[in-house]
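S.K.: Here's a sequence, model it:
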Amino acid sequence: MKRLALALLVVASLTAHAEDAKPSKEREALRRAQAALRAAQEQQSTLQADKAKAEADAATAHKDAAAAKAQTAGSAARLKAREAEVDALRAQLQAAREAQQQGEAQAAEREQALQRQLLAAHQESASRQQANQALSQLLERSTQALSDAEAKNHKLYALGQELTQLYIGRSRLDTALQQDPVLGLTAVRFEDQAEKLRAELAAQRVANR
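M.R.: Numbers count the residues shown, from 1 in each chain. Predicted coordinates:
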């Protein structure tokens with residue numbers, strides 16, 4: 001603007017001076033002044049365009065800077081969120097590893113406990129098997145002893161029956177001959193039979209166990 005005003009003053013001065021000068025010099029001076037004015041106007045227009053472009057570029061740069069700043073802030077926020085997610089995943093992974101180790105330790109303890117229980121069960125089974133074998137042998141001996149006792153009881157019963165029949169079947173003559181002091185043969189025969197029956201009874205007696 002200052003340059004344009006200066007150019008206008010120069011043109012006016014030259015115009016005023018041309019009134020006193022010759023016409024050729026006036027025209028020359030006027031042409032120069034008009035050319036200078038046009039150059040000044042063109043220069044002013046160029047400067048204004050440059051200023052407008054610079055202001056537009058500055059506005060665009062400011063906008064780009066603000067956008068870059070916002071983008072940087074957003075990237076920083078996203079980075080911080082990613083770091084928080086990574087930290088959370090690391091914590092979860094560590095917790096999972098600890099849980100796995102704890103589970104493996106508990107499984108090993110349960111396995112050892114089951115092995116101890118299995119060993120105790122085997123030992124108890126072996127003890128019971130031995131006890132069952134001993135009971136089976138005792139039952140077998142008891143059964144055999146009971147069978148023997150039953151057989152001896154049958155024999156004793158038969159001997160008792162034989163004694164009863166012998167006692168009942170004695171005749172009066174046998175009784176008289178048994179009481180006769182001279183003819184004591186019958187008494188001797190009865191004593192022999194009685195001794196034989198006592199021996200058989202003693203043999204068939206069930207012994208105390």
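S.K.: What ranges in this protein fall below the confidence cut-off?
M.R.: 1-23, 163-191, 193-194, 197-198, 201-209 (pLDDT under 70).
S.K.: quick one, longest helix in it?
M.R.: For the chain, the helix with the greatest residue count under DSSP state H is helix 23-168.
S.K.: for it, packing partners?
M.R.: Counting contacts by 3 or more C-beta pairs under 8 Å, 6 or more residues apart in numbering; DSSP states H and E, helix 23-168 packs against helix 2-18, helix 185-204. All C-beta atoms are positioned from the backbone trio N, CA, C, and that covers glycine.
S.K.: Now stretch 79-97 - C-alpha only, CSV.
M.R.: Taking C-alpha atoms only, stretch 79-97 is exported to CSV below (Å, rounded to 0.1, in the frame of the first residue of the first chain):
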residue,chain,number,x,y,z
LEU,A,79,-0.2,-47.5,22.5
LYS,A,80,-1.0,-47.1,26.1
ALA,A,81,-4.1,-49.3,25.7
ARG,A,82,-2.1,-51.9,23.9
GLU,A,83,0.5,-51.9,26.7
ALA,A,84,-2.2,-52.3,29.2
GLU,A,85,-3.7,-55.3,27.2
VAL,A,86,-0.2,-56.8,27.0
ASP,A,87,0.3,-56.4,30.8
ALA,A,88,-3.1,-58.0,31.4
LEU,A,89,-2.3,-60.9,29.1
ARG,A,90,1.0,-61.4,30.8
ALA,A,91,-0.7,-61.5,34.2
GLN,A,92,-3.3,-64.0,32.8
LEU,A,93,-0.5,-66.1,31.4
GLN,A,94,1.4,-66.1,34.7
ALA,A,95,-1.8,-67.0,36.6
ALA,A,96,-2.4,-69.8,34.2
ARG,A,97,1.1,-71.1,34.6
